[in-house]
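Participant: Dropping the sequence and predicted coords here.
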Amino acid sequence: MTGQRAVIVGASHAGAQLAASLRQEGWTGEVVLVGDESALPYQRPPLSKALLAGKSTLEDLAIRSAAFYAKQEIQLLDATIKSIDRTAGHLVLGNGESLGYDKLALCTGARPRRLLVPGALLGGVYYLRTAKDVELIRGAASPGRRAVIVGGGYVGLETAASLRALGLDVTVLEATGRVLERVTAPEVSAFFERIHRDAGVSIRTNALVEAIAGDTQVREVFLSSGESIPADFVIVGIGVEPNTELASASGLVVDNGIAIDDRARTSDPGIVAAGDCTSRTMASHGRRVRLECVPSAGEQAKVAAATLCGKAKEITALPWFWSDQYDVKLQIAGLNTGYDEVVLSGDPRQDRDFTCFYLRHGVLIAADCVNRPRDFMLTKRLLAQGAPLLGRAELVVPDLTDIRG
Amino acid sequence: MAVVMFVSHDGETHTASLDAGQSLMQVATNNAVPGVDGDCGGEAACGTCHVIVDPQWSERVGLSGPDEEQMLAMNPEREPTSRLSCQMAVCDAWDGLTVRLPEFQM
């Protein structure tokens, strides 16, 4: 591999990890990490939390220092990619130049889903995915101003908490009957609605946005019920879409994400992919799943690097997630898709710490742990071991420590 | 130059220079020390930056706080001087610090 060049497209979590892992796996050739944001690869989860709340700076969020990339001889290239020529083995950059590769990794990530209603292009309508987005929102977020957040998912709720901390008047509009509808049990949704209402956020469920009105800047948001909500600015957080255009234009298989196998290989075995842009068949689900999650991006990137170095590693790790809102730290282990039963430890109606375990056919598959790091670590460990698979009887014991190991 | 030593489970030592103001997890990842993942970026949310502080140093660097404690409680490799290195802000006085790494970051 000496004298060869590995090119990684996308300089975010997956890309940065892939570059570092290539060196750890013994890649001695060139490594070029291509990104279209000028900053060093940075962590995205804190954008809606610490960065928005002004508790940290973009520099604090760098995944690794500039010195690391220099010492590891990882070249950071600020460029966009127009196309991949797989036959010739090169990329065409935005400026028309070409960049040859011997090995290629796609870490193109995801972009926010756009709100498609009249007025969505007015000034003061923001999305939150990049540091640049946060800079714009911070410019608008002075105390006392009215923010309307479209979407009651994690990004929307974290943003609501951060803006409340900055002293803004915050309304969250959720199109379905409850916040976090896609990802948690009703009990957990009700908990998050409670803590946000206690913090002074107005949460509106079954609230469908019909239009945004204003001259050049947002002035109000119209709902399908006919109501209007005054707004100084709007933040849209209604999910993401994978960036797969580059892959599909070059003929790679895309199926709700760039299709990869357990070794992070795309349909072209010489090209790997990792992160939010990928989909992979999960044995537990029997179908392709696209995860939007940092730990999964890191895991896929490590495996992808090993694959490029000719080593056989497989993606096995269990997905997990976290979210910080006010004094509440939510940690999620596993995927609850297809659950048919929940077991609660603690009372989400009045406590600020509880765990919601998800079972399928009587077996533990995931847990939402609210201010319960111990339950989180235990669940993560039990799920990773694959055994013992716990049912309701074991989970309702008063202290889970009793069933460790 | 102040340095810290990371000793892997199988006894390999990686020496890294201490940059005051960073967390010990950042020192490890910025110096490509294998065996410290730091998946959550320093939020004490994942538990993948577990280190075991040389007992001779534990008084100077301190023991785990309540949040760390909860994260470490279920870890089978946990020892009395276990810490999450993302919660350890390094300073030059830590020159010569030695920490051991567990076999697995969970």
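Facilitator: Yep, that arrived.
Participant: And what about A:R23, helix, strand or coil?
Facilitator: Following DSSP: H, G, I helix; E, B strand; the rest coil, we place A:R23 in the helix state.
Participant: how much space is there between it and B:D37?
Facilitator: A:R23 sits 15 Å away from B:D37, going by CB to CB, to the nearest Å. Heads up, the C-betas are built off the backbone N, CA and C, glycines and all.
Participant: now swap in A:D215 and tell me
Facilitator: From A:D215 to B:D37 the distance is 50 Å (CB to CB).
Participant: higher neighbour count, those two?
Facilitator: B:D37 (20 against 8; other CB atoms under 10 Å in any protein chain shown).
Participant: Which pLDDT value belongs to that one?
Facilitator: At B:D37, the model reports a pLDDT of 89.
Participant: check contacts around it.
Facilitator: Going by CB atoms under 8 Å, 6 or more residues apart in numbering or on different chains, B:D37 touches A:298, B:46, B:48-49, B:105.
Participant: before we move on, what about A:V254?
Facilitator: Residues near A:V254 by CB under 8 Å, 6+ apart: A:244, A:247-248.
Participant: Any of those buried? List them.
Facilitator: With burial judged by 16 or more other CB atoms under 10 Å in any protein chain shown, the buried subset of these is A:244, A:247.
Participant: which residues of chain B fall in helices?
Facilitator: Shown for chain B, the helices assigned by DSSP state H span residues B:24-30, B:55-61, B:66-72.
Participant: Of those, flag the one that's most buried.
Facilitator: helix B:24-30 (a mean of 26; mean count of other CB atoms under 10 Å in any protein chain shown).
Participant: Show me which residues of the stretch 151-300 of chain A sit near chain B.
Facilitator: Residues of the stretch 151-300 of chain A found near chain B (CB under 8 Å from any CB of the partner chain) are A:294-295, A:298.
Participant: Closest one to A:D324 out of the residues you listed, please.
Facilitator: A:V294 (13.5 Å; CB to CB).
Participant: what's that closest one sitting at in phi/psi?
Facilitator: Here is the backbone geometry of A:V294 (degrees, to the nearest 10): phi -60, psi -50.
Participant: That one against A:Q17, yeah?
Facilitator: No. Look at A:V294 against A:Q17 with CB atoms under 8 Å: they stay out of range, at 9.5 Å.
Participant: Which of these two has more residues huddled nearby?
Facilitator: A:Q17 (30 against 25).
Participant: re earlier: got JSON lines for the contacts of B:D37, with pLDDT, neighbour count and distance to A:R372 too?
Facilitator: Putting the contacts of B:D37 into JSON lines (pLDDT from 0 to 100; neighbours: other CB atoms under 10 Å in any protein chain shown; distance: CB to CB, whole Å) gives the following:
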{"residue": "A:G298", "pLDDT": "94", "neighbour count": "27", "distance to A:R372": "24"}
{"residue": "B:C46", "pLDDT": "90", "neighbour count": "27", "distance to A:R372": "15"}
{"residue": "B:T48", "pLDDT": "92", "neighbour count": "21", "distance to A:R372": "18"}
{"residue": "B:C49", "pLDDT": "96", "neighbour count": "28", "distance to A:R372": "20"}
{"residue": "B:Q105", "pLDDT": "88", "neighbour count": "18", "distance to A:R372": "20"}
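Participant: Out of the residues you listed, the closest to A:Y326 would be?
Facilitator: B:C46 (20.4 Å).
Participant: what about A:T337, which SS state?
Facilitator: coil.
Participant: Okay, now the sheet partners of the helix or strand where A:R219 lies, with direction.
Facilitator: Applying DSSP states H and E as the criterion places A:R219 in strand A:218-223. Strand pairing for strand A:218-223, determined by DSSP bridges: strand A:209-214 (antiparallel), strand A:228-230 (antiparallel).
Participant: Excluding chain neighbours, give the residue nearest to B:A93 in space.
Facilitator: In space, and not counting its chain neighbours, B:A93 is closest to B:R60: 7.2 Å by CB to CB, 6 or more residues apart in numbering or on different chains.
Participant: Check that neighbour and give its pLDDT.
Facilitator: In this prediction, B:R60 has a pLDDT value of 94.
Participant: same thing with the one 10 residues further on?
Facilitator: With respect to pLDDT, B:Q70 has a value of 91.
Participant: how near is it to A:C369?
Facilitator: 10 Å.
Participant: ok, now how distant is the residue in the stretch 101-250 of chain A that chain B sits nearest to from A:T379?
Facilitator: In the stretch 101-250 of chain A, the residue that lies nearest chain B is A:E158 (12.4 Å; CB to the nearest CB). Distance, A:E158 to A:T379, using CB to CB: 22 Å.
Participant: and what of B:N31?
Facilitator: Distance from B:N31 to A:T379, by CB to CB: 32 Å.
Participant: and the two? which has more neighbours close in?
Facilitator: Between B:N31 and A:T379, A:T379 has the larger neighbour count (other CB under 10 Å), namely 30 against 22.
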